[in-house]
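**Q** predicted model, plus sequence, below.
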Amino acid sequence: MLQPYREVLSRPGALAFSAAGALARLPMSMVGIGIVLMVSDLYGSYGLAGQISAVYVVTHAVCSPVLARLVDRHGQARIMRPAVGVSVLGLIGLVGVALAHGSPWLLAGAAVVTGASLGSIGALVRARWSHVLHDARSLHTAYSLESALDELVFVIGPVLATVLATSVQPTASLLVPIVAVLVGGLAFLAQRGTEPPASRRPAGHGARLSRSAPMLVLAGVFVFMGAIFGATDVSTVAFAEEQGSKGAAGVVLGVFAAGSLLAGLGYGTRHWVSPLWRRFAIGMVALAVGVSLFFVVDNLWTLAVVMFVTGFSIAPTLINGNGLVQELVPREQLTEGLTWVGTALGFGVSIGSSLAGGLIDAQGSHGGFLVVVASAVAAVVATLASLRVLRATGGTA
């Protein structure tokens with residue numbers, strides 16, 4: 001089963017940049033829930049926690065494509081090294097303001113700085129794989145590996161963030177992301193041998209992606225998918241607290257990601273011949289059906305079981321979505337294209353977490369899970385509406 005992964009990781013420099021990239025994107029699974037845990041504890045409001053998390057994610061969603069466009073034009077190291085330093089300062093600012101119980105406006109400002117500068121490490125890693133590998137089968141395996149690593153990050157991150165926030169102090173969950181983005185990010189960017197060449201295309205050329213109908217509909221689907229995840233994160237924390245075990249929230253979310261991790265590893269060992277758009281649609285429907293069951297669970301054990309099974313639909317759907325991007329965009333804009341769907345997902349996360357946070361304050365965790373169900377329905381509708389456009393890609397990889 002693991003032989004295809006050994007083959008792609010044996011390429012010169014592949015193991016080093018993939019490992020560094022995995023460490024560098026640990027913050028993507030910790031910053032959002034870390035903000036929720038920190039703010040809800042120190043400020044006593046899930047609504048405010050969801051809002052600050054939303055500010056961070058929206059800023060990240062807006063600014064990441066801009067950073068990606070600059071990366072495609074000027075190179076990864078030249079753009080992202082300064083960005084790493086700024087993001088570290090933003091995270092330190094979040095911790096400092098929260099410890100001082102500062103104004104929510106200051107919290108939002110630090111969240112803006114962090115979100116604007118983190119970028120999309122996952123897109124940078126996948127762009128390197130596309131530069132190193134030149135056959136569709138190996139690239140499918142590499143993309144599957146990275147999706148599995150994404151899920152490993154989401155297994156470890158929420159658990160670590162929750163343990164640190166509940167056992168050490170509320171701000172401790174953001175200390176690990178500071179170290180991870182600094183050490184992992186700089187280690188990744190130091191590996192110049194596998195860095196894709198800068199395209200040096202004209203400044204206005206990159207705007208075409210924002211007018212591409214297939215990319216727009218794909219990004220729209222990812223927004224609703226992200227809303228599912230954002231609402232699930234906040235609702236799970238609230239549900240665990242209602243059950244008298246807030247610290248278990250990270251474990252339950254880790255179980256969700258563990259199911260996805262196993263599915264992603266298995267998915268990457270097979271070369272699929274059915275169209276990408278069809279596999280993407282099937283995965284989205286399966287995810288929506290699974291998360292809709294969250295609303296009816298009545299204890300943490302049941303929620304964990306449902307999340308584990310539902311998680312099997314996540315990684316394959318994300319792998320197929322990233323594969324569609326490769327079919328839709330020119331090679332010299334691949335980082336930007338991958339970032340668009342990644343930030344669309346993040347934008348959806350912010351919407352879901354913000355809406356769920358407000359309803360949780362008013363109705364408890366079931367109000368948050370209601371947002372999960374509504375997002376799932378919207379995701380299925382958006383997917384079915386986009387099939388005609390996505391079908392035109394004809395991708396089978």
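**A** Here it is on my side, so go on.
**Q** from here on, contacts and neighbour counts on C-alpha atoms
**A** OK.
**Q** quick one: low-confidence parts of the protein?
**A** Applying pLDDT under 70 to the chain picks out residues 1, 155, 200-211, 392-397.
**Q** mind naming the longest helix for it?
**A** helix 136-167 (DSSP state H).
**Q** which elements pack onto it?
**A** helix 3-9, helix 14-24, helix 27-43, helix 121-132, helix 249-268, helix 314-328 (3 or more Cα pairs under 8 Å, 6 or more residues apart in numbering; DSSP states H and E).
**Q** list the buried ones in the helix or strand following that helix?
**A** Downstream of helix 136-167, the first helix or strand assigned by DSSP states H and E is helix 175-189. Across helix 175-189, burial judged by 16 or more other Cα atoms under 10 Å covers 175-182, 184-189.
**Q** and the longest helix of the chain with helix 249-268, angle?
**A** 170 degrees (axes from the mean of the first three to the mean of the last three Cα atoms, to 10 degrees).
**Q** check which residues of helix 136-167 are buried.
**A** Quick answer for helix 136-167 (16+ other Cα under 10 Å): 137-166.
**Q** likewise for stretch 260-278?
**A** Buried residues in stretch 260-278, counted by 16+ other Cα under 10 Å: 260-269, 275-278.
**Q** would you state the helices of the stretch 251-397 of the chain in chain order?
**A** All helices of the stretch 251-397 of the chain, identified by DSSP state H, counting those that start in this stretch, fall at 276-292, 300-311, 314-328, 334-363, 365-391.
**Q** residues contacting residue 367?
**A** Counting by Cα atoms under 8 Å, 6 or more residues apart in numbering, residue 367 makes contact with 356, 359, 360.
**Q** can you say which of the helices and strands packed on helix 136-167 is nearest to residue 222?
**A** Closest approach to residue 222 among these (Cα to Cα): helix 314-328, 8.6 Å.
**Q** what packs against that closest one?
**A** When contacts are defined as 3+ Cα pairs under 8 Å, 6+ apart, helix 314-328 sits against helix 136-167, helix 213-242, helix 249-268, helix 276-292, helix 334-363.
**Q** repeat the analysis, applying 10 Å as the threshold.
**A** Contact partners of helix 314-328 among helices and strands, from 3 or more Cα pairs under 10 Å, 6 or more residues apart in numbering; DSSP states H and E: helix 121-132, helix 136-167, helix 213-242, helix 249-268, helix 276-292, helix 334-363, helix 365-391.
**Q** just say which of those is most tucked in.
**A** Most buried of the helices and strands packed on helix 314-328, by mean neighbour count (mean count of other Cα atoms under 10 Å): helix 334-363, with a mean of 26.
**Q** re the thing from before, ok, the buried residues of helix 175-189 vs residue 72, which is closest?
**A** Among these, and counting by Cα to Cα, the member closest to residue 72 is residue 189, at 14.1 Å.
**Q** shouldn't the closest one be in contact with residue 195?
**A** Yes - at 8.2 Å, residue 189 and residue 195 qualify as touching, with contact defined as Cα atoms under 10 Å.
**Q** which neighbours do the two share?
**A** 17, 76, 77, 124 (Cα atoms under 10 Å, 6 or more residues apart in numbering).
**Q** excluding chain neighbours, what is closest to the first one?
**A** This points to residue 17. Distance criterion Cα to Cα, 6 or more residues apart in numbering; nearest residue to residue 17, sequence neighbours excluded, is residue 188 at 5.5 Å.
**Q** could you do the third one as well?
**A** Leaving aside its chain neighbours, residue 77 sits nearest to residue 189 (5.2 Å; criterion: Cα to Cα, 6+ apart).
**Q** so how far is residue 84 from the one you found?
**A** Here residue 189 is placed at a distance of 10 Å from residue 84 (Cα to Cα, to the nearest Å).
**Q** also residue 171?
**A** Taken as Cα to Cα, the span from residue 171 to residue 84 is 20 Å.
**Q** repeat that for residue 288.
**A** Note on residue 288: its distance to residue 84, by Cα to Cα, is 35 Å.
**Q** over to residue 7?
**A** 31 Å.
**Q** between the two, who's got more neighbours?
**A** More crowded of residue 7 and residue 84, by other Cα atoms under 10 Å: residue 84, with 24 against 12.
**Q** name the helix or strand for the more buried one, please.
**A** Residue 84 belongs to helix 76-99, assigned by DSSP H and E.
**Q** quick check: buried residues in that helix?
**A** Buried residues in helix 76-99, counted by 16+ other Cα under 10 Å: 76-77, 79-81, 83-98.
**Q** next SSE downstream of it?
**A** Under the assignment DSSP H and E, the closest C-terminal helix or strand after helix 76-99 is helix 104-118.
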